[in-house]
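A.B. asks: sequence? don't have it. structure:
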């Protein structure tokens with residue numbers, strides 16, 4: 001599930017620059033990296049594998065049995 005977070009344009013530009021610097025695919029991954037660095041939280045606490053691609057809605061439907 002996604003949400004929208006309002007930031008100033010300058011902040012968005014900085015996040016885009018950090019996204020390129022960190023070599024991640026999304027602003028979400030950038031923010032997670034910044035949180036991890038600020039709080040000294042290991043990536044494993046985010047429950048993700050660095051090489052795993054994000055789930056798509058189609059994937060979610062296939063993986064859940066009704």
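C.D. replies: Perfect, I can see it now. None of the values given here were measured: they were computed from a predicted structure.

A.B. asks: so which helix or strand takes in the residue nearest to residue 27 when sequence neighbours are not counted?
C.D. replies: Nearest residue to residue 27, sequence neighbours excluded (Cβ to Cβ, 6 or more residues apart in numbering): residue 15, at 5.3 Å. (Glycine included, C-beta is placed from N, CA and C.) Element membership for residue 15 (DSSP states H and E) is helix 9-22.

A.B. asks: Give me the contact list for that helix.
C.D. replies: Contact partners of helix 9-22, identified using Cβ atoms under 8 Å, 6 or more residues apart in numbering, comprise 7, 25-27, 29-31, 33-34.

A.B. asks: Roughly how far does residue 10 sit from residue 16?
C.D. replies: 11 Å (Cβ to Cβ, to the nearest Å).

A.B. asks: Those two - which one has more neighbours?
C.D. replies: residue 16 (12 against 8; other Cβ atoms under 10 Å).

A.B. asks: Lowest mean pLDDT among the helices and strands of this structure, which one is it?
C.D. replies: Using mean pLDDT, DSSP states H and E, helix 57-63 stands out as the lowest-scoring helix or strand of the chain, at a mean of 62.

A.B. asks: Tell me where the chain is predicted with low confidence.
C.D. replies: For the chain, the stretches with pLDDT under 70 are 41-66.

A.B. asks: ok, 90 please
C.D. replies: 1-3, 35-66 (pLDDT under 90).
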